[in-house]
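Trainee: One predicted model, sequence on top.
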Amino acid sequence: MLQVSFIRQHTELVKERLTIKNFKDLQLVDEIISLDDERKKLQLESENAQSKLNSSAKEIGQLMAKGQKAEADAKKQEVATLKSAQQPIADRLAVVEKQLQDTIVRLPNLPSAKVPPGKTPEENVLVREGGHKPTLHNGAVPHWDLAKKYNIIDFELGNKITGSGFPVYIGKGAKLQRALIQYFLDYNTAAGYTEYMPPHMVNEASAFGTGQLPDKEGQMYFVTEDNFYLIPTAEVPVTNIYRDELLKEADLPVKMTAYTPCFRREAGSYGKDVRGLNRLHQFDKVEVVQLVHPDKSYEVLEEMVSHIEKLLQSLKLPYRILNLCGGDMGFTSAQTYDFEVFSAAQEKWLEVSSVSNFEAYQTNRLKVRFKDSNGKNQLVHSLNGSSLALPRILACLLENNQAETGIELPPVLHSYMGYGSIS
């Protein structure tokens, strides 16, 4: 969440940047300042009342030591009156503090000055493209037909066991899924990321810390009796590893990677864009997360983009990188780059990764700080990226590498699979 001090000091800038993100409820900014004004007033009244109570309590001790019991009893009555007067102040302060908290979490993160204006995905800015779009043979088919032809993914069986959006991977399809996960993790750890195997469910505090709550509550599966949420991405448990921690400046950057299944309700998704692996309720993803010095987060963002770009290049997939416009960005992000891979059989671009800088938006919620060289505690900046999400990568690998004799896998996967093609 945003910091109240920043909102107070840069009120017009905050409103201006929120407008770039097409946020309409700008009156919330003024409400936050008004609530903070009341909070400060009540806090001062409470502190003054407590100071009087402390002084009176001290006087009672002194009077009792002198044997002046009557005077001490009178002072005790005074203390009781002061306590009665203080309680309504304390009660109102608690209400205002909650109102302030509930209001400020409704503000999204401010977009960076590097974010282009715009409202729709069509206004995202192309940064660059790479790779070569393949020319498919006559009779080439989309991945859902390839999955059936080679018996590597069964969508109907997943529908029988659970429901739509829960595919079952079979034989070489299961092995290819496992090979991709292992390759992605090996690639990330070779670049200095520490691997974690986090829980696949989180508590409310963890979901709030990374911004899934209250913004994306309707997109998460909820385990009602235990008050746990199935994770929509490894970002949630991994970033929470450092919740409420004070790091040393020398500890930065913290680089973490993890594979997890991801669970998303994807409410409202329908039509041809959800066919096959295009949009699932359960899917596998490898994530990279960094906690960095605030002065270096945009430099690190570009490094992470380059890291993921080289991973796509190694898979020989045609890709493009987009700088998302304000209206297409996530609630918590300050800047996001999307990676899309070209699906040759479907003849369209499919998103396979988002790489985002959240600045201090998440870490202010999480209270992840470091002690700088001056001994002052500062919030770190957090970043994450998909490295990579598997469903659409797998779809494009199958479609783009299909031939009449089978599916030729990119050389980088041969050692993981033990063979070079699926037939």
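Mentor: That came through fine.
Trainee: what packs against the helix or strand harbouring Gln62?
Mentor: Following DSSP states H and E, one finds Gln62 within helix 27-65. Packed against helix 27-65 by the contact rule (3 or more CB pairs under 8 Å, 6 or more residues apart in numbering; DSSP states H and E) you find helix 4-9, helix 11-20, helix 69-104. For the C-beta atoms, the positions are set from N, CA and C on the backbone; glycine is no exception.
Trainee: In TSV: those helices, plus distance to Pro121, mean pLDDT and mean neighbour count.
Mentor: Converted to TSV, these look like this (distance: least, CB to CB, whole Å; pLDDT from 0 to 100; neighbours: other CB atoms under 10 Å):
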stretch	distance to Pro121	mean pLDDT	mean neighbour count
helix 4-9	29	96	14
helix 11-20	16	97	16
helix 69-104	28	87	14
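Trainee: Which positions within stretch 351-364 qualify as buried?
Mentor: Under the neighbour-count criterion of 16 or more other CB atoms under 10 Å, stretch 351-364 has 352-364 buried.
Trainee: what's the spacing between that stretch and its chain's center?
Mentor: Remark: stretch 351-364 is offset 6 Å from the chain centroid, using CA atoms, centre = their mean, to the nearest Å.
Trainee: rewinding a little: going by distance to Lys76, which of the buried residues of stretch 351-364 wins?
Mentor: Asn364 (43.5 Å; CB to CB).
Trainee: and that closest one, what does it touch?
Mentor: 1-3, 379 (CB atoms under 8 Å, 6 or more residues apart in numbering).
Trainee: hmm, which of those are the buried ones?
Mentor: 1-2, 379.
Trainee: Need those in JSON lines (columns: distance to Tyr187, secondary structure and pLDDT).
Mentor: Output for the buried ones among the contacts of Asn364, formatted as JSON lines (distance: CB to CB, whole Å; DSSP: H, G, I helix; E, B strand; the rest coil; pLDDT from 0 to 100):
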{"residue": "Met1", "distance to Tyr187": "33", "secondary structure": "coil", "pLDDT": "92"}
{"residue": "Leu2", "distance to Tyr187": "35", "secondary structure": "coil", "pLDDT": "95"}
{"residue": "Leu379", "distance to Tyr187": "30", "secondary structure": "strand", "pLDDT": "98"}
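Trainee: want to try TSV for these, with distance to Val95 as columns?
Mentor: Converted to TSV, the buried ones among the contacts of Asn364 look like this (distance: CB to CB, whole Å):
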residue	distance to Val95
Met1	19
Leu2	21
Leu379	27
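Trainee: between these, which is nearest Thr189?
Mentor: After measuring the buried ones among the contacts of Asn364 against Thr189 - CB to CB - the closest member comes out as Leu379, at 27.1 Å.
Trainee: do you know how far the closest residue to the closest one other than its chain neighbours is from Val292?
Mentor: Nearest residue to Leu379 in three dimensions, chain neighbours excluded: Ala360, at 4.1 Å (CB to CB, 6 or more residues apart in numbering). According to CB to CB, to the nearest Å, Ala360 and Val292 sit 11 Å apart.
Trainee: quick one: common contacting residues for those two?
Mentor: In contact with both Ala360 and Val292: 380-381, using CB under 8 Å, 6+ apart.
Trainee: The helix holding Gln62 versus helix 69-104: what angle between them?
Mentor: In terms of direction (axes from the mean of the first three to the mean of the last three CA atoms, to 10 degrees), helix 27-65 departs from helix 69-104 by 160 degrees.
Trainee: ok, the residue nearest to Leu379 touching Ser5?
Mentor: No. Contact criterion CB atoms under 8 Å: Ala360 and Ser5 do not qualify, at 11.6 Å.
Trainee: so what's Leu93 closest to, chain neighbours aside?
Mentor: Spatial nearest neighbour of Leu93, excluding adjacent residues (CB to CB, 6+ apart): Leu42 at 4.2 Å.
Trainee: May I have the residues that are in contact with the one you found?
Mentor: 89, 92-93, 96 are the contacts of Leu42 under CB under 8 Å, 6+ apart.
Trainee: rerun that using 10 Å as the cut-off
Mentor: Counting by CB atoms under 10 Å, 6 or more residues apart in numbering, Leu42 touches 89-97.
Trainee: where's it relative to Lys83, distance?
Mentor: On the measure of CB to CB, Leu42 and Lys83 end up 16 Å apart.
Trainee: what separates the residue nearest to Leu93 from Ser356, distance-wise?
Mentor: Counting by CB to CB, the gap from Leu42 to Ser356 is 37 Å.
Trainee: quick one, helices of the stretch 101-250 of the chain?
Mentor: 143-149, 155-161, 172-190, 204-209, 235-239 (DSSP state H, counting those that start in this stretch).
Trainee: Next, format these as CSV and append mean pLDDT.
Mentor: Listed next are the helices of the stretch 101-250 of the chain as CSV, based on pLDDT from 0 to 100:
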stretch, mean pLDDT
helix 143-149, 97
helix 155-161, 97
helix 172-190, 98
helix 204-209, 97
helix 235-239, 98
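Trainee: Those helices: which one's closest to Asn278?
Mentor: When these are ranked by proximity to Asn278 (CB to CB), helix 143-149 comes first, at 8.9 Å.
Trainee: what does the closest one contact?
Mentor: Residues contacting helix 143-149 (CB under 10 Å, 6+ apart): 140-141, 152-156, 167, 169-170, 173, 275-278, 343, 345-346, 391-392, 394-402, 406-407, 422-423.
Trainee: Just the ones in strands from these, please.
Mentor: 153-154, 169, 343, 402, 406-407, 422 (DSSP state E).
Trainee: Farthest-apart pair in those residues, please.
Mentor: Between any two of those (CB to CB), the greatest distance is 20.5 Å, for Asp154 and Ser343.
Trainee: Right, I'll leave it there.
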